[in-house]
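[1] Here is the input, now give the coordinates:
(chains A and B)
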2 protein chains.
Amino acid sequence: MHTFYPPVGVDHEIAPRTGTAFSLRAGQTLTVIDPLGRQVSDLLAFSAADPRECISSGRTLDYASRIFLTKPDPLYSNRSNVLLRITADTCGRHDFLLTPCSKDTFRIIYGDAEPHRGCFGNFVEALAPWGIEEDAIPIAFNCFMNVVVDGETGELRVDPPKSKAGDYVSFVAEVDLVVALTACSALQSNGGSFKPIRWRVDDPLQQAI
Amino acid sequence: MHTFYPPVGVDHEIAPRTGTAFSLRAGQTLTVIDPLGRQVSDLLAFSAADPRECISSGRTLDYASRIFLTKPDPLYSNRSNVLLRITADTCGRHDFLLTPCSKDTFRIIYGDAEPHRGCFGNFVEALAPWGIEEDAIPIAFNCFMNVVVDGETGELRVDPPKSKAGDYVSFVAEVDLVVALTACSALQSNGGSFKPIRWRVDDPLQQAI
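    Modelled structure (predicted):
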């Protein structure tokens, strides 16, 4: 199994409309930061031991009995194991209903003739070293994404994020993971502009040394 | 690829807390019937040409901009192709947010010491002849399941179905499919009792002969 452990305790930046993937050890904390405000970051997590196990919106929302998640909610896998737990959240609004934006999103929703590959395409490239194929990409946990749902009619719309510059959401890994992250490529999700995302990994054991 | 084409034009019954799977040709119509009322049927669909392609709640809800689907909404795949379209719906309320109930559902939500394998376990057995493994089972389209969402707080709860005896929902297949169906095993979903589900396949070409 491919591994890539990023330097811990320092900020990394994801350029607008791109993505990345990395290994996260059990016990390490991942913090996803919106440096400029109103920018979405799609997050995926797969078990490093067997990447067929991945985050499951359907199981997580069912067990939470809630569609909006925040500290201290767990993110469950398709095998009902906890992969990540939210340990800090200065924004308070994220989405776990919608798939990553893709060339199909831009074709179907935006009517683009030459659609961008979107977060989905960025995930496919970033996850290729781990052998994770595109059909295996599930619904992402969409950090800072503000999906408004009308409980009566079921109508949903994507509003600009509630995140302000510097807002962040942190997750502790319960098992060894492969994590993928993007700076989201969809205009609707980000209030009409493309911005970077920052992220860092903190390791309580390494910091104690 | 395994195939099993059920007899067309006749009703089939799924016993309480069990499931089935079968092949559905492009152009055929599947009708899922709630014979006694207030019973949920989880539905999965995979492309027969490549079962790694399956229904995607995340893409479908995104393109519909709605969490409640009815006639004439399409069900998209994880490759953004339409697998099924709803062609009739006498109930009008179904769910596409939650995963099939499983032994984990009964353990986590109901606290059962010896949990039933649920719709998930029934799907695993029914889909084994097609080589579809349990990690590949996505969020199901849950016919007649009545999930109520509070748009403000995000709280969700599972209420008894709105379906009355004889209500049905029909889908036309846009491509050749493998379909799996259950008579749901969860008390919450069904108003506290376990009942059968009926289904039938109609084929406009065969009926014209």
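[2] center of chain A, which residue is that?
    A:Leu43 (1.5 Å; CA atoms, centre = their mean).
[3] A:Ala186 and B:Asp95: what is the separation?
    25 Å (CB to CB, to the nearest Å). In short, each C-beta sits where N, CA and C put it, glycine included.
[4] between the two, who's got more neighbours?
    B:Asp95 (27 against 24; other CB atoms under 10 Å in any protein chain shown).
[5] biggest helix in chain A by residues?
    helix A:118-127 (DSSP state H).
[6] Just the buried residues of that helix, please?
    A:118-124, A:126-127 (16 or more other CB atoms under 10 Å in any protein chain shown).
[7] which one among the residues you listed gets closest to A:Gly19?
    A:Asn122 (3.2 Å; CB to CB).
[8] Grab the nearest non-local neighbour of the closest one.
    A:Gly19 (3.2 Å; CB to CB, 6 or more residues apart in numbering or on different chains).
[9] now that we're looking at that neighbour, which residues does it contact?
    Going by CB atoms under 8 Å, 6 or more residues apart in numbering or on different chains, A:Gly19 touches A:42, A:119, A:122-123, A:125-126, A:180-183.
[10] For A:Ala49, state which of these is nearest.
    When the contacts of A:Gly19 are compared against A:Ala49 (criterion: CB to CB), the nearest one is A:Ala180, at 16.8 Å.
[11] Contact partners for that closest one?
    Applying CB under 8 Å, 6+ apart, the residues near A:Ala180 are A:19-21, A:43-45, A:123, A:126-127.
[12] could you pull out the helices for chain A?
    With helices called from DSSP H, chain A shows them at A:57-64, A:103-108, A:118-127, A:204-208.
[13] Please report the distance of A:Ser102 from B:Ser102.
    For A:Ser102 relative to B:Ser102 (CB to CB), the value is 28 Å.
[14] What of A:Phe4?
    In terms of CB to CB, A:Phe4 sits 33 Å off from B:Ser102.
[15] neighbour-wise, which of these two wins?
    More crowded of A:Phe4 and B:Ser102, by other CB under 10 Å: B:Ser102, with 28 against 11.
[16] What separation do you get for the more buried one and A:Asn78?
    Counting by CB to CB - B:Ser102 and A:Asn78 are separated by 10 Å.
[17] which residues touch the closest residue to A:Ala88 other than its chain neighbours?
    Leaving aside its chain neighbours, A:Ala88 sits nearest to A:Ser170 (4.0 Å; criterion: CB to CB, 6+ apart). Taking CB under 8 Å, 6+ apart, we find A:Ser170 in contact with A:29-32, A:86-89.
[18] which stretches of chain A have low pLDDT?
    Along chain A, segments meeting pLDDT under 70 span A:207-209.
[19] which residues in it form strands?
    A:12-14, A:19-24, A:29-34, A:41-47, A:74-76, A:82-89, A:141-143, A:146-149, A:156-159, A:167-173, A:177-182, A:197-202 (DSSP state E).
[20] Can you point out the buried residues in the first one?
    Going back to what we said before, that points to strand A:12-14. A:Ile14.
[21] Can you list the strands that it pairs with?
    Sheet pairing for strand A:12-14, assigned by DSSP bridges, gives strand A:197-202 (antiparallel).
[22] The fifth one now?
    Strand pairing for strand A:74-76, using DSSP bridges, gives strand A:82-89 (antiparallel).
[23] returning to that earlier point: and the contacts of A:Ser170, which is closest to A:Ser193?
    Among those, and counting by CB to CB, the member closest to A:Ser193 is A:Val32, at 18.4 Å.
[24] Is that closest one bridged to anything, and to what?
    Counting by DSSP bridges, the residues bridging with A:Val32 are A:Val169, A:Trp199.
[25] What is the neighbour count of it?
    24.
[26] same check, this time on A:Thr90
    That count, for A:Thr90 with other CB under 10 Å as the rule, works out to 14.
[27] before we move on, what about A:Thr31?
    16.
[28] how about the residues of chain A near chain B?
    Contacts of chain A with chain B, taken as CB under 8 Å from any CB of the partner chain, map to A:52-53, A:56-59, A:61-63, A:65-68, A:78-80, A:97-99, A:102, A:104-105, A:108-109, A:133, A:135-139, A:148-157.
[29] Of those residues, grab the buried ones for PyMOL.
    For the buried members of the residues of chain A next to chain B, the matching PyMOL selection, counting by 16+ other CB under 10 Å, is:
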select buried, chain A and resi 52+53+56+57+58+59+61+62+63+66+67+68+78+79+80+97+98+99+102+104+105+108+109+136+137+138+139+149+151+154+156
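[30] show me what contacts A:Thr29?
    Contacts of A:Thr29 by CB under 8 Å, 6+ apart are A:87, A:170-173, A:201-204.
[31] Sort out which one of these lies nearest A:Cys143 for me.
    A:Phe171 (9.3 Å).
[32] That closest one: what's it in contact with?
    A:29-32, A:43, A:75, A:84-87.
[33] quick one: it and chain B, what's the gap?
    A:Phe171 is 19 Å from chain B, where distance means CB to the nearest CB, to the nearest Å.
[34] now A:Gln39
    Distance from A:Gln39 to chain B, by CB to the nearest CB: 19 Å.
[35] Same check on A:Asp42?
    11 Å.
[36] wait, isn't that residue in contact with A:Pro138?
    No. Look at A:Asp42 against A:Pro138 with CB atoms under 8 Å: they stay out of range, at 10.9 Å.
[37] Skipping its backbone neighbours, what lies nearest A:Tyr63 in space?
    B:Ile108 is the one closest to A:Tyr63 (CB to CB, 6+ apart), at 5.3 Å.
[38] ok so, going back, for the contacts of A:Ser170, which one is nearest A:Phe194?
    A:Val32 (16.6 Å).
[39] quick one, what contacts that closest one?
    A:41, A:43, A:143, A:168-171, A:181, A:197-199.
[40] Give the buried subset of these as a PyMOL selection command.
    Typed into PyMOL, the line below selects the buried ones among the contacts of A:Val32, using 16+ other CB under 10 Å:
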select buried, chain A and resi 41+43+143+168+169+170+171+181+197+198+199
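[41] Out of the contacts of A:Val32, flag the one nearest to B:Arg25.
    The closest of the contacts of A:Val32, once distances to B:Arg25 are taken by CB to CB, is A:Leu43, at 39.1 Å.
[42] Go ahead and confirm the closest one touches A:Pro138.
    No. Counting by CB under 8 Å, A:Pro138 is not a contact partner of A:Leu43; they are 11.1 Å apart.
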